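Chemist: structural data only, the sequence is not supplied:
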C-alpha cells in the first residue's frame with residue numbers, strides 16, 4: 001500500500017527539521033542516508049551532483065542550506081519509493097505512533113559518562129552504581145504512561161534513536177516497575193535508565209536493573225520541563241565545549 005501524500009510530507013518535514021535544527025547537520029544527513037540504505041553514489045545520481053559534494057556536506061566541510069536539505073530528503077524518499085517503499089511505510093507509521101511518546105531525543109557528538117548525566121538530572125543511583133563510568137552517546141525522554149498505552153514492541157525500537165548506547169529517561173512514572181519490565185523483555189539493551197516521578201521505586205524495578213546490569217537512577221528534578229531543560233543544557237555543552245557538562 002502506498003504512503004499518502006500527507007504522511008509523505010509529514011515524514012519529509014520530520015527528517016528535514018531534524019537536519020536543519022541539528023548542531024551537526026552533516027552527521028544527521030549521513031545518519032538518514034544510512035537509515036534509507038542509500039549509497040553516496042546513488043544519492044548523487046538522484047540529485048545530479050558529484051558524490052564528493054555529498055561527502056563534503058556529511059563531513060562538515062560544507063554547510064547545507066534549506067534548499068539542499070529539501071532536495072536531499074525528497075531524493076531519499078523518492079529512491080525508497082522506487083524500491084517498494086517498505087521502509088517508508090514503517091517510518092511514517094513510527095512518526096505517527098511515537099509523536100506523543102518521545103518528549104525529547106538527542107545524540108551527543110562526544111560521549112558522556114553516565115555519572116555526569118546522573119548529576120545533571122539530580123539523580124540518586126538505585127542499582128549498578130559501579131557502572132556509572134560507562135559511556136553514553138545520547139538520551140531519550142519518554143512519557144511512560146503514553147508508551148505503555150500506545151507503543152508496540154516494534155515501535156519501541158524508535159526510542160533508541162541512532163544507538164542503544166544511551167540513557168532512557170522515563171517521566172510520569174508511578175513505581176518504575178513497568179519501564180524496567182519493558183527494558184528487561186526488549187531485545188535491545190540500553191546503557192542507563194532514569195526514572196522521574198515516583199517518591200519510591202518498586203523493589204522489582206531495582207532487581208531487574210541489577211539482573212540486566214543497567215544503572216538505574218531516580219531523578220529528583222521538580223518538574224518534567226526542568227528535567228528536559230537541564231538535559232538540553234547538557235547536550236549544548238557537548239556541542240560547544242566538546243566535553244559534557246559535569247564530565248571529568
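Modeler: Sure, I can see it. Since this is a predicted model, take the numbers as computed values, not measurements.
Chemist: following the lowest-mean-pLDDT helix or strand in the chain, which helix or strand shows up next?
Modeler: In the chain, the helix or strand scored least confidently by mean pLDDT, DSSP states H and E is helix 86-98, which has a mean of 69. Using DSSP states H and E, the helix or strand that follows helix 86-98 in sequence is strand 102-113.
Chemist: who's in contact with that following strand?
Modeler: Residues outside strand 102-113 that contact it (C-beta atoms under 8 Å, 6 or more residues apart in numbering) are 23-24, 27, 31, 132-143, 158-159, 161-163, 171, 224, 228, 231-232, 234-235, 238-239, 242-244, 247-248. From N, CA and C alone the C-beta is placed, and that goes for glycine too.
Chemist: inside helices: which ones of those residues?
Modeler: 27, 31, 224, 228, 231-232, 234-235, 238-239 (DSSP state H).
Chemist: between these, which sits nearest residue 9?
Modeler: When the ones in helices among the contacts of strand 102-113 are compared for distance to residue 9 (C-beta to C-beta), residue 31 wins out at 20.8 Å.
Chemist: do I have it right that that closest one meets residue 162?
Modeler: Yes: using C-beta atoms under 8 Å, residue 31 is in contact with residue 162, at 5.6 Å.
Chemist: let's test this: mean pLDDT of the helix or strand where residue 79 lies, rounded?
Modeler: Taking DSSP H and E as the definition, one finds residue 79 inside helix 66-82. On average, the pLDDT along helix 66-82 is 91.
Chemist: and for stretch 8-28?
Modeler: Averaged over stretch 8-28, pLDDT sits at 84.
Chemist: that one: which residues count as buried?
Modeler: 8, 11-12, 14-16, 18-19, 22, 25-28 (16 or more other C-beta atoms under 10 Å).
Chemist: could you dump these into CSV with distance to residue 69 added?
Modeler: Below are these laid out as CSV (distance: C-beta to C-beta, whole Å):
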residue, distance to residue 69
8, 16
11, 14
12, 10
14, 12
15, 9
16, 5
18, 10
19, 5
22, 10
25, 8
26, 11
27, 13
28, 10
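Chemist: still on that earlier bit, farthest pair in the ones in helices among the contacts of strand 102-113?
Modeler: Maximum distance among these (C-beta to C-beta): 27.9 Å, for 27 and 224.
Chemist: re earlier: what's the ChimeraX syntax to select whichever of the contacts of strand 102-113 are buried?
Modeler: To isolate the buried ones among these in ChimeraX, judged by 16+ other C-beta under 10 Å, type:
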select :27,31,132,134,136,137,138,139,140,141,142,143,158,159,161,162,171,224,228,231,234,235,238,244,247
